[in-house]
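**Student:** Dropping the sequence and predicted coords here.
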Amino acid sequence: MQALRWHGVKDVRVDDIAEPATLKGKVKIKVKWCGICGSDLHEYAAGPIFIPQNSPHSLTEEKAPIVMGHEFSGQVVEVGDGVTKCEEGDRVVVEPIFACGTCTACKQGKYNLCEQLGFLGLAGGGGGFSEYVTVDEHMVHKIPDTVSFEQGALVEPAAVALYAVRQSQFNVGDQAVVFGTGPIGLLVIEALKASGASKIYAVELSTERRQRAEQLGAIALNPAEVNVVEEIQRLTDGGADVSFEVTGVPIVLTQAIESTKLNGQTMIVSIFEKEASFQPNLVVMRERNIAGIIGYRDIFPAVISLMNQGYFSAETLVTKRIGLHDIVEQGFEALMKTNCNIKCDTTK
């Protein structure tokens, strides 16, 4: 079968590889749609970050080249011995987290904080940018007929967004500000709407992305035209209850902190390629707090339920659809050159 594999920085290739076998406890899926994630772009431009390059990952026992893609949906075509959760023909999405199950975090149920954390499509184990993938039964979640396969490919990134909101100190009726309205930022806006935000502000340089944020109901601000910290402080009468940093740009982290009220919170959702510094007194003197999330846990069913209610629309978020053979030039390279596209999905 054909699959996109990461070989090194700026070196991803569509290779011919063996089709995965359906072993005991495994589910074989025919991939229908797979999205390009910001994490994929980080790996392409500046990796390895999560990808094991020189030595195998402790859980998958694989190293580069590895198949990429972790935001995907598909249909079950075969199940291994012992599988009871799903059957051939089921429409599914995959929660792509590898966890050891024995470390302190795993014993507490916080499997996304596993000491050996890995992601399918980044740490090995196959990936969504392929014709078929096999995964452990517990990673599979069924989607209803009312949720399309394309919509299903958004479950994973939407899980990041909803988990970020639920892990924050956000309460119904609060005001929030989202810094960066790429795919995850827009999904955070949707998650905030679903969670009862009274006002949502969105900070974004790109005209196209600001317009998308406004379509979702946010009040968009252009940092090239206004002092966003002063404007947010004015519009919210003292600062947002919670800010969400979704750019991975060091200077924006400071802006996100400064935009919050007394005792406000900044949630870091991004993966940073470089160190980010800030003056600690910004936190200390106003008793603010900063928190971060990695991935998600125990959230996929809630995301699928919200999708069934009309949230996290593929029509709003997917702006380009490409085939696997075009993924390098029309996907990765195009996204590196422009931020006009919101989310690129591939289909086979």
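**Tutor:** The structure has been received and is ready for your questions. Numbers count the residues shown, from 1 in each chain.

**Student:** Show the residue spans covered by the strands in the stretch 1-150 of the chain.
**Tutor:** With DSSP state E, counting those that start in this stretch applied, the stretch 1-150 of the chain shows strands at 2-8, 11-16, 26-35, 66-67, 71-79, 91-94, 97-98, 118-119, 132-136, 140-142, listed in chain order.

**Student:** which parts of the second one are buried?
**Tutor:** Residues of strand 11-16 classed as buried by neighbour count (16 or more other CB atoms under 10 Å): 12, 14. In this view, the C-beta of every residue, glycine as well, is placed from N, C-alpha and C.

**Student:** Could you provide the strands of the stretch 1-150 of the chain in CSV, with additional columns for mean pLDDT and distance to Asp237?
**Tutor:** Rendered in CSV, the data for these read as follows (pLDDT from 0 to 100; distance: least, CB to CB, whole Å):
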stretch, mean pLDDT, distance to Asp237
strand 2-8, 97, 47
strand 11-16, 96, 48
strand 26-35, 97, 38
strand 66-67, 98, 49
strand 71-79, 98, 38
strand 91-94, 98, 41
strand 97-98, 98, 40
strand 118-119, 97, 41
strand 132-136, 98, 48
strand 140-142, 98, 41
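
**Student:** now the ones you listed as a markdown table including distance to Gln53?
**Tutor:** Converted to a markdown table, those look like this (distance: least, CB to CB, whole Å):
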| stretch | distance to Gln53 |
| --- | --- |
| strand 2-8 | 8 |
| strand 11-16 | 11 |
| strand 26-35 | 22 |
| strand 66-67 | 9 |
| strand 71-79 | 22 |
| strand 91-94 | 24 |
| strand 97-98 | 17 |
| strand 118-119 | 13 |
| strand 132-136 | 21 |
| strand 140-142 | 28 |
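
**Student:** So for Glu333, which of those strands sits nearest?
**Tutor:** When the strands of the stretch 1-150 of the chain are compared by CB to CB, strand 11-16 sits nearest Glu333, at 9.9 Å.

**Student:** That closest one pairs with which strands, parallel or anti?
**Tutor:** Here the strand partners of strand 11-16, with direction, are listed using DSSP bridges: strand 2-8 (antiparallel).

**Student:** Dump the partner strand to CSV, restricted to CA.
**Tutor:** The C-alpha atoms that make up strand 2-8 are tabulated as CSV, following Å, rounded to 0.1, in the frame of the first residue of the first chain:
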residue,chain,number,x,y,z
GLN,A,2,1.0,3.6,-0.2
ALA,A,3,1.8,5.8,2.8
LEU,A,4,3.4,9.1,3.6
ARG,A,5,6.5,8.6,5.8
TRP,A,6,8.7,11.1,7.6
HIS,A,7,12.4,10.5,6.8
GLY,A,8,13.8,13.7,8.1
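
**Student:** show me what contacts His325?
**Tutor:** His325 makes contacts with Val14, as judged by CB atoms under 8 Å, 6 or more residues apart in numbering.

**Student:** That one belongs to a helix, doesn't it?
**Tutor:** Yes. Checked against DSSP: H, G, I helix; E, B strand; the rest coil, His325 lies within a helix.
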